[in-house]
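S.K.: coordinates only, sequence not included:
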């Protein structure tokens, strides 16, 4: 899943693709580089980000999704708003990716059920200005698992087919640094056999892990190699997808994992 932020203020690439033509070009490049889905978002969810209205969000994303769809590129919509989700799917998006797991907009679950598309439900506790203060867990794996189970139950009760739900642990959301790693290291423990999307790309906790003399770990782009390492590990652990800024690096990592896994099979490796 290639990240396409049509925003002026996203943490890594804010402003680079805020104009429609630039966003379309970037989406085409992500697809060319191997992204199976281009995830189009019109509202930043970086720490401290202010919200935008659904009207502004739709104006940003719908023309991009429509153009990418016309070019044969598969897209998803990154939104917390049911009205944006509907407009995006009508424009061609095939997946709704909601960082709040349907908690922000009471109409989201019914909308996704009506649209009959896959839904990524992320673990979430609060909007960006307040989320860091909620990084408080006794057992992060058990608590995130329980909170995601509750979201699945609510979504299914609202009519969303359970097989349509993909779970995201919400790395960096109410998880500043250390709370992220147990979730990555124990995917099965909280996912309970459901499909998992891992969204670690260029996030703060990777910067903390690679910080050393000569490395500007505060620069999101300096975290790209660490992102690729997580991509490989997530794939080896059986994740359904990874959400990344650099699709080409991710695809290379996935090919390496595939070759590695093939070599472990009884029949041996074949090129």
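M.R.: Happy to help now that I have it. A quick note: this is a predicted structure, and the numbers were derived from the prediction, not measured.

S.K.: chain center to stretch 216-225: distance?
M.R.: In terms of CA atoms, centre = their mean, to the nearest Å, the centre of stretch 216-225 is set 18 Å apart from its chain centre.

S.K.: which residues in the stretch 151-271 of the chain form strands?
M.R.: 165-168, 195-198, 241-242 (DSSP state E, counting those that start in this stretch).

S.K.: okay, those in JSON lines with mean pLDDT next?
M.R.: Formatted as JSON lines, the strands of the stretch 151-271 of the chain follow (pLDDT from 0 to 100):
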{"stretch": "strand 165-168", "mean pLDDT": "98"}
{"stretch": "strand 195-198", "mean pLDDT": "98"}
{"stretch": "strand 241-242", "mean pLDDT": "98"}
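
S.K.: in CSV: those strands, plus distance to residue 124.
M.R.: Where you see a C-beta, it was placed from the backbone N, CA and C, and this is true even at glycine. As requested, those are exported to CSV (distance: least, CB to CB, whole Å):
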stretch, distance to residue 124
strand 165-168, 9
strand 195-198, 13
strand 241-242, 18
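
S.K.: select, out of those, the one closest to residue 139.
M.R.: Distance to residue 139, taken as CB to CB, is lowest for strand 165-168 among these, at 17.6 Å.

S.K.: packing partners of that closest one?
M.R.: strand 118-122, helix 140-157, strand 195-198 (3 or more CB pairs under 8 Å, 6 or more residues apart in numbering; DSSP states H and E).

S.K.: partners of the last one, with directions?
M.R.: Using DSSP bridges, the neighbouring strands of strand 195-198 in the sheet come out as strand 165-168 (parallel), strand 241-242 (parallel).

S.K.: surely residue 5 and residue 38 touch.
M.R.: No. Residue 5 lies out of contact with residue 38 (CB atoms under 8 Å); the separation is 11.1 Å.

S.K.: out of the two, which sits in the busier spot?
M.R.: residue 5 (29 against 26; other CB atoms under 10 Å).

S.K.: tell me how far that one lies from residue 140.
M.R.: 27 Å (CB to CB, to the nearest Å).

S.K.: ok, back up a step: most tightly packed of the helices and strands packed on strand 165-168?
M.R.: Comparing these by mean neighbour count (mean count of other CB atoms under 10 Å), strand 118-122 ranks first with a mean of 25.

S.K.: burial of the closest residue to residue 219 other than its chain neighbours, as a residue count?
M.R.: Leaving out its chain neighbours, the residue that sits closest to residue 219 by CB to CB, 6 or more residues apart in numbering is residue 207, at 8.0 Å. Neighbours of residue 207 under the rule other CB under 10 Å: 19.

S.K.: check residue 133 too.
M.R.: 11.

S.K.: buried ones in the lowest-mean-pLDDT helix or strand in the chain?
M.R.: Ranked by mean pLDDT, DSSP states H and E, the weakest helix or strand in the chain is helix 128-131, scoring a mean of 92. By neighbour count on 16 or more other CB atoms under 10 Å, the buried set for helix 128-131 is 128, 131.

S.K.: who are the packing partners of it?
M.R.: Going by 3+ CB pairs under 8 Å, 6+ apart, helix 128-131 lies up against no helix or strand.

S.K.: now it, how far from the centre of its chain.
M.R.: 18 Å.

S.K.: stretch 229-244 now?
M.R.: That offset, for stretch 229-244, works out to 12 Å (CA atoms, centre = their mean).

S.K.: hang on, the earlier thing: contact partners for the residue nearest to residue 219?
M.R.: For residue 207, the contact set (CB atoms under 8 Å, 6 or more residues apart in numbering) comprises 217, 218, 219, 220, 222, 223, 226.

S.K.: can you tell me how far the fifth one sits from residue 192?
M.R.: Yep, that's residue 222 we're talking about. The gap separating residue 222 from residue 192 is 35 Å, by CB to CB.
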